[in-house]
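*Asks:* could you work out the structure for the sequence below:
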Amino acid sequence: MSFRRLVVGLTFLAVFTMAMRVSVDTDTWWHLRAGEWIVQQRQILRTDPFSLTRQGETWIYPGWLAQIGLYTIHNEFGFAGLNLITALMVVLAFVFIWLLLDGPLLMRAFVLLLATTVSGVYWSARPHIFSFALTGIFLWVLARAYAGRRSWLWTLPPLMALWSNLHGGFAIGFLLIAVYLVGEVLEASLSVLHRHATVSEVWRERRPIIQALVIVGLACAVAVAINPHGLQMLLYPFKTISVSTLQAYIQEWQSPDFHRLEVQPFLWMLILCMVVLALSDKRKRAVELVLVAGFAYLSLVAARNIALFALVSAPVVARHGYAAVKPLLKNMTTGPQLPERRAQGINIVLFSIVTIAALIKISVPLSDQVNQEAIANQVPVEAIDYLRHQPSLGNLLNSYNWGGYVIWELYPKYLSFVDGRTDLFNDEILEAYLAVWRAEPGWEDMIDRWDIRLVLLEPYAPLARVLQDSGWEQLYADDQAVVLGQGVEQE
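*Replies:* Below is the predicted model of the structure:
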């Protein structure tokens, strides 16, 4: 085994090993239920059947294809299958990023593994993992077009058609096209301002790529319409970000908390990116600066964008990092070389040892018990199991983070009051829920409006304490959840 194959093999083995983990989160559950509904009913969901507060309301969601895929994988292979598909999408994204990296082999491996570590906050068995992979593919295609292979741009419209049926993150594709377009315009403007060329010369040189980006961008907009909801899907991304409650209360939509260890690699890569750009003697391309600045801004506004920053910044760090350290490398001397056959043998032994260690780690999230234990730390498994074995006790008010699990385990016996479908629940519903959860003045009106007879809340929720003081009966309680009822009878 050559040294190159050893480094590449170990790098991607490390990426897969890091990505192979328990991937279920609190939103995975409603995606699985939606996928099951679509498969069983043989039609696309167009209205909400799962919630008490939005039942029957129009629900336009682009991820129906991903939901079918995730449900089918879970149905056939369980949680191990979900963990595997999540890890494979991570590897797919970084395969295309690897193709964009410049510099010595070991430096490229370091940059890729750093980017992998940064993006880890994003990985979960949800449709957005397909957006992650497609972002890597889009970056590779656009980089090839930038290098002169403009014909590759025509792979983007069919990819966009697929993306718009997998996840609402298809807006990222348009953002990347726009960044490259802005980069070309900036390069042209700077050439004219610095008098390196006339306007006509600059336009003649850059017109083909600018026109190609505009035309392909429009073609991608048309491609988005190839979905069950038609052209109205183009407005979907704006609908989600218009819900102000998301930014105020939902962690992944808030600015990153750098006190959390898993977020700090983003800070390391951001600083590293600034340092290598400052030290590099290579020409800074406008598109590089716009990519780094734009996605750094998006990541600082909402932590869910950190993974995208990892993808767009890795090629920049590799290119300018090599330029920054190249003068130091010139003075380095190499030691004596081992005979080729002996070196290859050592490489094979090293790769085998690391592979065995990786397989041991990979086997852990394949265990159903390990997945169940992780799930029990996320959602109130025992409380939900209690409700499953009781007769229907009336309308339920549940904690926001547990709504998806309620949908998966208790639908149609119980509907969720609120859950993670941010495209469905507007500010009015979410703010009303928060006011009730906090037991703010007027909470009784919301309980009466929806005829709530049962609540599933955290023991520390203010509403739980107020309801018990108001005479509601405690039906179930543990360290994670409490179930309270009003005017209900237990078996």
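
*Asks:* how many other residues sit next to Ile226?
*Replies:* Neighbour count of Ile226, defined by other C-beta atoms under 10 Å: 15. Every residue, glycine included, has its C-beta placed from N, CA and C.

*Asks:* which residues touch the residue nearest to it when sequence neighbours are not counted?
*Replies:* Using C-beta to C-beta, 6 or more residues apart in numbering and skipping the chain neighbours, the partner closest in space to Ile226 is Ala161 (4.4 Å). Residues in contact with Ala161 (C-beta atoms under 8 Å, 6 or more residues apart in numbering) are Ala223, Val224, Ile226, Asn227.

*Asks:* what segments of the protein are strands?
*Replies:* 395-398, 452-457, 473-477, 482-485 (DSSP state E).

*Asks:* any chance of those strands in JSON lines, with distance to Thr422 too?
*Replies:* Listed next are the strands of the chain as JSON lines, based on distance: least, C-beta to C-beta, whole Å:
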{"stretch": "strand 395-398", "distance to Thr422": "16"}
{"stretch": "strand 452-457", "distance to Thr422": "20"}
{"stretch": "strand 473-477", "distance to Thr422": "29"}
{"stretch": "strand 482-485", "distance to Thr422": "26"}
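
*Asks:* can I get these in JSON lines with mean pLDDT, mean neighbour count and distance to Ser280?
*Replies:* Shown next, in JSON lines, are the strands of the chain (pLDDT from 0 to 100; neighbours: other C-beta atoms under 10 Å; distance: least, C-beta to C-beta, whole Å):
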{"stretch": "strand 395-398", "mean pLDDT": "96", "mean neighbour count": "24", "distance to Ser280": "52"}
{"stretch": "strand 452-457", "mean pLDDT": "96", "mean neighbour count": "23", "distance to Ser280": "54"}
{"stretch": "strand 473-477", "mean pLDDT": "95", "mean neighbour count": "16", "distance to Ser280": "59"}
{"stretch": "strand 482-485", "mean pLDDT": "96", "mean neighbour count": "23", "distance to Ser280": "57"}
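
*Asks:* now for the longest helix along the chain, which elements pack on it?
*Replies:* Longest helix in the chain, counting residues (DSSP state H): helix 64-98. Contacts defined by 3 or more C-beta pairs under 8 Å, 6 or more residues apart in numbering; DSSP states H and E place helix 64-98 against helix 3-19, helix 28-41, helix 105-119, helix 128-146, helix 306-330, helix 368-378.

*Asks:* which stretch among these comes nearest Glu431?
*Replies:* Closest approach to Glu431 among the helices and strands packed on helix 64-98 is made by helix 28-41 (20.7 Å; C-beta to C-beta).

*Asks:* give me the pLDDT value at Ala147.
*Replies:* For Ala147, the pLDDT comes out at 88.

*Asks:* if I look at it, how far off is Ala307?
*Replies:* Look at Ala147 and Ala307: by C-beta to C-beta, to the nearest Å, they are 25 Å apart.

*Asks:* and what of His31?
*Replies:* Counting by C-beta to C-beta, the gap from His31 to Ala307 is 18 Å.

*Asks:* sorry, back to before: relative to Pro127, which of the strands of the chain is closest?
*Replies:* strand 395-398 (22.5 Å).

*Asks:* so which elements touch the closest one?
*Replies:* So strand 395-398, by 3+ C-beta pairs under 8 Å, 6+ apart, packs with helix 403-410, strand 452-457.

*Asks:* and it, how far from the chain's centre?
*Replies:* Relative to the chain's own centre, strand 395-398 is displaced by 29 Å; criterion: C-alpha atoms, centre = their mean, to the nearest Å.

*Asks:* just stretch 42-58 next, same as before
*Replies:* Taking C-alpha atoms, centre = their mean, the mean C-alpha location of stretch 42-58 is offset from the chain mean by 24 Å.

*Asks:* and it, average pLDDT?
*Replies:* 94.

*Asks:* so which bits of that stretch are buried?
*Replies:* Residues of stretch 42-58 classed as buried: Ile44, Leu45, Asp48, Pro49, Phe50, Ser51, Leu52, Thr53, Arg54 (neighbour count, 16 or more other C-beta atoms under 10 Å).

*Asks:* for those residues, give me JSON lines that also has distance to Gln480.
*Replies:* As requested, those are exported to JSON lines (distance: C-beta to C-beta, whole Å):
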{"residue": "Ile44", "distance to Gln480": "35"}
{"residue": "Leu45", "distance to Gln480": "30"}
{"residue": "Asp48", "distance to Gln480": "27"}
{"residue": "Pro49", "distance to Gln480": "28"}
{"residue": "Phe50", "distance to Gln480": "23"}
{"residue": "Ser51", "distance to Gln480": "22"}
{"residue": "Leu52", "distance to Gln480": "22"}
{"residue": "Thr53", "distance to Gln480": "24"}
{"residue": "Arg54", "distance to Gln480": "26"}
